[in-house]
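Novice: Model the following, please.
(3 chains)
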Amino acid sequence: MPSLCEPLRRQGGSARPCACVMARDSRADKIERMFVNGAVDVDSNESKWAVGLNPEQRAAVYHDGSALMIVAGAGTGKTKTLAARVARLIDDGVDPDRILLLTFTRRAAQEMLDRVSAMTDRRAAARIWGGTFHAIGNRLLRAHGEAVGMSPSFTVLDPGDSSDLFGLVRNEGNYTKSVRRFPRPETLASIYSRVVNSQTSLTEVVEANFRWCIDHTDAIREISKAYTVKKRKQRVLDYDDLLLHWRGLAASPSGGEAMRNRFDHVLIDEYQDTNSIQADIVKALCSGKTQLTVVGDDAQAIYGFRAATVENMWRFATDFPGARTVTLTRNYRSTMPILDVANRLLAQSKVLVHKELASERSGGSLPRLVTCADEAFQSNWVCDEVSRMREEGIDLRDQAVLFRTGHHSAHLELELARRDIPFVKFGGLKFLEAGHIKDMLCLLRVLDNPGDELAWSRVLGSLDGVGPATVQRLFLDLGVAGDDSDAVLTRFLEGDLQVSPRSHDDIESLRSAWSDCRTVAGEPSIPLAEQFDRLSDVCRRTFPRRYEDADARLSDLDQLAVLASGYQSRSRFLTEVVLDPPERTGDLAGPPHLDDEYLTLSTVHSAKGSEWSAVYLLHAADGNLPSDMAIDDAKGLDEELRLAYVAVTRAKAQLNVTFPLRYHVRRYGSDDRHNYSQLSRFFEPIRDSFDVSSAGVAAADDQVLATDRIDLTDEVDAMLEGLWD
DNA sequence: AATATCCGTATTTTT
DNA sequence: TACGGATATT
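Specialist: Numbering: from 1, shown residues only, chains lettered A, B, ... in the order given. Got it, this is the predicted structure:
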């Protein structure tokens, strides 16, 4: 729908359209209040996306002609601005199929698209290309990869698969035998990934980030090469390959032209967390007439470990001559006392030019800093406080507990469970890592790509009476490593297999299920949901032997089947589930309870982009935040500081920072070895921005006595008991 | 050749 | 705790 500003906007970026919209501000404010109250019955002459934008946001939304970088501090309405810009483009007549919206997570993409579709034609919004770099890369490679000699039917390896493949290569050479402490498969995979993503030499990467592996550099080089060869042969791509091949496609003469003309607008969120390969892709995409918009905040760059570099932001004007920069500093999320903490944290940075955030919200109570005697006091304090806030009307959904690493919440999780406070944890273990999930996915993967060695070995190894040696022999007999992968499946289904007699039943079950599900002439014979049913039959045979809790795992498969029923094609499902696995642990634990009240537990990394009324930051102790692994390195330390910044800026009204004085040294095990810790060096200098208190510290001596009394009583009782004999 | 059992060792963050 | 690796047992 054409807005009143249409003719003026065409002139691009002038002050006049702004003035024109500003004149309607009081009405816009009223409409925004209606939005907030859930009344969305807006006058149809109003462009919904224009509602409630401040002058800087408006400038970003209306900008036209050159590349645009929006520097958006925390809570300054960057999602709103980007979504409004996309909606404006659509209303201006840009073909939504020619708009590409790249985000950091799938969740962020979905949120953005939801907001866009609320502001403009819903059907148009649904046609936008939105997703992560990896997901979009996957989609484009399947569509255009053939132009550069790629098979469109590649399989995507999840990070676990990559590690397994490294493990395979690692075992084939005799690396582990010669020397002690050879890097583990996951370590090899992360070194490799780091090399690829940072585009620096292996020697440099090992020296800078994996010093403890330095003696094995040559072996790592060999293994990495062998890993690459294996991937190519099996027609599988890992996460990094999706970016590398996309870049290759965009740079190639044949594919590049199609890429440059594919989109009219490319918009990228969280630009501070892109790496140099992603920057190359962006440059290739936007070298023609395509218009680029990026949004980012160098103060929130927290993915350096993944070779992301804020340089991409700092170099933006050089990379894209004539680019315009718009800076958003008005914070609509947090109260000023919270922003004081954020500002004072950022002022400690050695690398950032400090930008002050100013709150548009009045009032607000002082953030609290709580020194806890130990983890138990910390968990108790948080649970008490969460419940108290809930009684005061702040839903659990509007509260979150944040921490630096996944296991920092372990103790709290137990206490929450004990008190029946429901929670979900983000950023912990991925369900893809569960063995039984992999079992099922591998059954599907062989059907999808019979050249996939990893999937074959997992499936074969799960059969009764088949171990490593038999797997090896079957590989040879079937020619799994050969060239014609489809023939491999035929040989398995129809050929004579040399296996022990006790394997026959399992093999027959597998053959029968696979035959029913097999793809014939490009078309699967039965729908995906039925394929799941048939393959579950195989799992029903193998699980009881392999897993103690076979029943629970089988019912997980039912959940997975529900997830799968949303997809028509097997390969689509496999790819999506690898690129976008359910994020919350427990997603498969029971029926979906999305509407339930629950408290959010999240790593700081996974909390990026979210906000809650009340935020609790746990373990704000030196060695945890900053992590002790980053302490020697100035760059790493600065990233930890930004992590603290991201954490505190998630809070809207109530910020609580806690740390236990006494904490267990060992992550595992039940011994009582512990250390005494100090408040994080980031928070120590700004204590006076907090309301400081403690939990259990003054009463520590009493506590010890109380414990002693209990022990003593037990002893006395035990002694007395002996007397009755 | 497969499976059971025991030992020793783990460095954060995620697409 | 959990997993890889080595050794013992079926």
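
Novice: Could you export the strand ranked longest in chain A as PDB, CA atoms only?
Specialist: Counting residues, the longest strand found in chain A (DSSP state E) is strand A:651-664. This file holds the C-alpha atoms of strand A:651-664, laid out as PDB (Å, rounded to 0.1, in the frame of the first residue of the first chain):
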ATOM      1  CA  ALA A 651      17.800  -7.200  31.400                       C
ATOM      2  CA  LYS A 652      14.900  -4.800  31.100                       C
ATOM      3  CA  ALA A 653      14.000  -4.000  34.700                       C
ATOM      4  CA  GLN A 654      15.900  -6.100  37.200                       C
ATOM      5  CA  LEU A 655      19.500  -7.200  37.000                       C
ATOM      6  CA  ASN A 656      21.000  -9.600  39.500                       C
ATOM      7  CA  VAL A 657      24.700 -10.600  39.400                       C
ATOM      8  CA  THR A 658      25.800 -13.400  41.700                       C
ATOM      9  CA  PHE A 659      28.900 -15.400  42.400                       C
ATOM     10  CA  PRO A 660      29.800 -18.100  44.900                       C
ATOM     11  CA  LEU A 661      32.900 -17.600  47.000                       C
ATOM     12  CA  ARG A 662      33.500 -21.300  47.300                       C
ATOM     13  CA  TYR A 663      33.100 -23.400  44.200                       C
ATOM     14  CA  HIS A 664      34.000 -26.900  43.200                       C
END
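
Novice: Each with direction, which strands does that strand pair with?
Specialist: strand A:368-374 (parallel), strand A:612-617 (parallel), strand A:674-676 (antiparallel) (DSSP bridges).

Novice: Pick the most buried one from those.
Specialist: strand A:612-617 (a mean of 25; mean count of other Cβ atoms under 10 Å). Backbone N, C-alpha and C define where each C-beta goes, glycine included.

Novice: Does A:Trp381 touch A:Val370 like I think?
Specialist: Yes - the pair A:Trp381 / A:Val370 is scored as a contact, 5.9 Å apart, by Cβ atoms under 8 Å.

Novice: Can you check which residues contact both of these two?
Specialist: A:658, A:695 (Cβ atoms under 8 Å, 6 or more residues apart in numbering).

Novice: wait, is A:Leu352 part of a strand?
Specialist: No - counting by DSSP: H, G, I helix; E, B strand; the rest coil, A:Leu352 is not part of a strand but coil.

Novice: what does the model give it for pLDDT?
Specialist: The model reports A:Leu352 with a pLDDT of 87.

Novice: ok, now A:Met1?
Specialist: 32.

Novice: now do A:Gly363
Specialist: What the model reports as pLDDT for A:Gly363 is 85.

Novice: Show me the contact partners of the helix or strand harbouring A:Asp558.
Specialist: Assigned by DSSP states H and E, A:Asp558 belongs to helix A:550-564. With contact meaning Cβ under 8 Å, 6+ apart, helix A:550-564 is reached by A:434, A:436-437, A:440, A:528-529, A:532-533, A:536, A:539-540, A:543-544, A:547, A:573, A:577, A:582, A:587-589.

Novice: Now go through those residues and say which are in helices.
Specialist: Using DSSP state H, A:436-437, A:440, A:528-529, A:532-533, A:536, A:539-540, A:543-544, A:573, A:577 are the members of these that sit in helices.

Novice: So for the residues you listed, which is the shakiest by pLDDT?
Specialist: Among the ones in helices among the contacts of helix A:550-564, A:Pro544 has the weakest pLDDT, 78.

Novice: burial measure for that residue, as a count.
Specialist: Neighbour count of A:Pro544, defined by other Cβ atoms under 10 Å: 13.

Novice: Now do the contacts for it.
Specialist: A:Ala550.

Novice: and the gap between it and DNA strand B?
Specialist: 11 Å (Cβ to the nearest atom of the strand, to the nearest Å).

Novice: now swap in A:Lys438 and tell me
Specialist: 15 Å.

Novice: Please identify the helix or strand for A:Val697.
Specialist: Counting by DSSP H and E, A:Val697 is part of no helix or strand.

Novice: quick check: mean pLDDT across the longest strand of chain A?
Specialist: Mean predicted confidence for strand A:651-664 is 90.

Novice: cool, stretch A:144-161 as well?
Specialist: 84.

Novice: Let's see it as PDB, backbone CA atoms only.
Specialist: C-alpha atoms of stretch A:144-161 as PDB (Å, rounded to 0.1, in the frame of the first residue of the first chain):
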ATOM      1  CA  HIS A 144      22.900 -23.700  -8.600                       C
ATOM      2  CA  GLY A 145      25.800 -26.100  -7.600                       C
ATOM      3  CA  GLU A 146      25.600 -28.200 -10.700                       C
ATOM      4  CA  ALA A 147      26.900 -25.200 -12.700                       C
ATOM      5  CA  VAL A 148      30.200 -25.700 -10.900                       C
ATOM      6  CA  GLY A 149      30.200 -29.400 -10.900                       C
ATOM      7  CA  MET A 150      28.600 -30.100  -7.600                       C
ATOM      8  CA  SER A 151      26.100 -32.900  -7.100                       C
ATOM      9  CA  PRO A 152      22.800 -31.400  -5.800                       C
ATOM     10  CA  SER A 153      22.200 -34.400  -3.600                       C
ATOM     11  CA  PHE A 154      25.000 -33.900  -1.100                       C
ATOM     12  CA  THR A 155      24.500 -34.700   2.600                       C
ATOM     13  CA  VAL A 156      25.300 -32.200   5.300                       C
ATOM     14  CA  LEU A 157      27.400 -33.400   8.200                       C
ATOM     15  CA  ASP A 158      26.600 -32.200  11.600                       C
ATOM     16  CA  PRO A 159      29.500 -31.200  13.900                       C
ATOM     17  CA  GLY A 160      29.300 -34.600  15.600                       C
ATOM     18  CA  ASP A 161      29.700 -36.300  12.300                       C
END
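
Novice: which other residues reach it?
Specialist: Contact with stretch A:144-161 is made by A:138, A:141-143, A:165, A:189, A:231, A:234-239, A:242, A:245, A:248-249, A:252, A:254-255, A:258-259, A:432-433, A:438, A:445, A:448-449, A:452, A:454-455, A:571, A:574-575, A:578-579, A:581, as judged by Cβ under 8 Å, 6+ apart.
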